[in-house]
Structure formats: C-alpha cells, structure tokens
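In: one predicted model, sequence on top.
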Amino acid sequence: MKQTLMTMLKGFIIGSSMSVPGVSGGTMAILLGIYDRLIHAISNFLKDIKGNTIFLFKFCLGAGIGIGSLAFLIQWLLEKFPFIVSFFFLGAVIGGIPALYQKTKEKKFGLSSLLYFLLGLIIVISIGFIPTGNFDIVSGSGFVHYIMILVTGIVIALALVLPGISTSHMLLVLGMYDTMLAAITRFDVVYIGILGIATLIGVFLITKPLEYLMNRFPHPTYCMIIGFVIGSTSEIFGETILPAIPANASLSWWGPSLILAVIALCLGGAGILALSKYSND
C-alpha cells in the first residue's frame, strides 16, 4: 500500500508540475527517483504485462489527477507570484542533483564527468535556441500528411522521455502547437488518435535503447542527463523569472522578493531531497 501511494504521489507531482516552463515530466520523474522504473516498465512491457500494466496505471492515475487538479493551482500561483514560485521549482531541480549523481556510480566528479555533463547541457540549451515557426509539417493532405504526423509523434515522444527537453517548445518548433490545440478543441479524433499512436510508438522505440545505455553505461548517460536537467533551468529563468522582474523594480521590491525567493528555493530543494528517499528504483 505504501509503495502504491508513493507511485501515485510521484505521478501526481509530475502531472501537476508539467505546466511549469522548464520543468518537463522526464525531469521531475528522474528527480523523484521513478524514472528508471518507468523506462523499465515501458521497454519491458511484454515481459510482465500484468505487473507493468498495474504500475503504469497507478502512475498515470496519479498524473491524471495532478494534471486535472493541482496544475490549475500552480498556473494560478505562477500568474500571481511567478518570481517566487519559479524559484521553488528551481530549488526542486537543484535539490535532485545529488541523488541523480549517485546513479553515475562515480565517487568523484572527474574530467570525464564534466565533459559528459557539458555535452548534455549544450544539447538542451541549443534546442531552446531553435527558432519557432520555421517548420510547417502540418500543411497539406493525404498520405504524406499523416506520415509527417507520425514523425511528429516520435519527436514528441523523444521530448517526453528525455528529461530537460520541453515538449511544448518542440511542438512550437515543428509548427504543431496551435494545430494540436485546435484539434483538441474541435475533438478531431482522427488527428489526435494518429498523433497519440505515433507518440506511443515513439516512446516504445526510445525507451529500450535508453534503458540499455543507463544500465550498460551509467556514468556517461547519467552525467548527460544531469546536463539535460540543469540545462532546463534556463527556460525557468527565461520564461518566468526574468519576465516577472518589474522594469522599474526598486529596493523595496527586491528586498522582500529575494528573501522569499531564497526561502522558496530551499523549500523546493528540501522537498525533492525528502521525496527522493522513497525511490522506486
């Protein structure tokens, strides 16, 4: 029962936090210590259909509740207190790094660790600089049109599975964001169904090699993932923290705001550290 509740709680936290810019579902999953278990359940689904189905159902139930409930509260808090709330999630990202580094199975942070970390950092930051609107793969019709939707689903799956990569940004880059929202509002079952199936196929294709890399080469893989996770903080700064600073911010604004931001940063870090002790891995 305790394990079931922790799985649902972690799903709840992941689902509710996905509305925060820079905090991807993969990032929160790996910080909460449930990422490896999710990857294993998906990549080895057919080896234990019953067990993996039960686990994924518990997780998805918690995530669904989080998306449908707490996500609205977080969105409201981000609108009212973007500076402070963003620092809370920034603390959550930073607080999960020590537990994440333990998975590299390296006692000391050496030169090789630094190189792999920088590689992951550069990849995520570079993705953030890809201009949106340059691609338009949703125009046209017929067989080629649906093939491109399938390709898009696989790209979305890559963003969903790899921590630190913003799914919403990838949709914007591919010119899919507005189209997908329109399809949802129109209840376009065919379009959503094809995209959903493609994403599911992409997830199954990606998780198997990813699990192999995590088990066979834990040091470089997890060092790169740390780079992904830390690189994702650039979006938190760019999307919420910097725009929340008033153009004419005075000392009376900076003083209380910085104090509350530091408190929120510490609370976010402490919360992740506490939850990471109940890892399912």
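Out: Happy to help now that I have it.

In: so where do the helices sit in the stretch 151-281 of the chain?
Out: When secondary structure is read from DSSP state H, counting those that start in this stretch, the stretch 151-281 of the chain shows helices at 167-173, 177-185, 189-216, 218-231, 233-236, 242-244, 251-276.

In: what's the most buried one of the ones you listed?
Out: helix 218-231 (a mean of 22; mean count of other C-beta atoms under 10 Å). C-betas here are computed from N, CA, C, even on glycine.

In: just put the helices of the stretch 151-281 of the chain in CSV and tack on distance to Ser113.
Out: As requested, those are arranged in CSV below (distance: least, C-beta to C-beta, whole Å):
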stretch, distance to Ser113
helix 167-173, 27
helix 177-185, 36
helix 189-216, 16
helix 218-231, 5
helix 233-236, 19
helix 242-244, 30
helix 251-276, 20
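
In: including mean pLDDT and distance to Lys107, could these go into CSV?
Out: Listed next are these as CSV, based on pLDDT from 0 to 100; distance: least, C-beta to C-beta, whole Å:
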stretch, mean pLDDT, distance to Lys107
helix 167-173, 67, 35
helix 177-185, 69, 43
helix 189-216, 82, 19
helix 218-231, 85, 11
helix 233-236, 78, 26
helix 242-244, 87, 37
helix 251-276, 87, 19
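
In: Ser17 is nearest to which of the ones you listed?
Out: Of all these, helix 251-276 sits nearest to Ser17, with 10.5 Å by C-beta to C-beta.

In: what's that closest one packed up against?
Out: Counting contacts by 3 or more C-beta pairs under 8 Å, 6 or more residues apart in numbering; DSSP states H and E, helix 251-276 packs against helix 82-95, helix 97-102.

In: give me the contacts around stretch 95-107.
Out: 30-33, 36, 109, 113, 214, 218-219, 222-223, 225-226, 229-230, 268-273, 276, 279 (C-beta atoms under 8 Å, 6 or more residues apart in numbering).

In: do you know how far Leu56 is from Leu121?
Out: Applying C-beta to C-beta, to the nearest Å, the value for Leu56 to Leu121 is 31 Å.

In: looking at those two, which one has more neighbours?
Out: Leu121 (20 against 17; other C-beta atoms under 10 Å).

In: which ones are touching that one?
Out: Leu121 touches Gly227, Phe228, Ile230, Gly231, counting by C-beta under 8 Å, 6+ apart.

In: Ser232 contacts Pro163, doesn't it?
Out: Yes. In this structure, Ser232 is within contact of Pro163 by C-beta atoms under 8 Å, at 7.3 Å.

In: need the pLDDT of Phe109.
Out: Looking at Phe109, its pLDDT reads 72.
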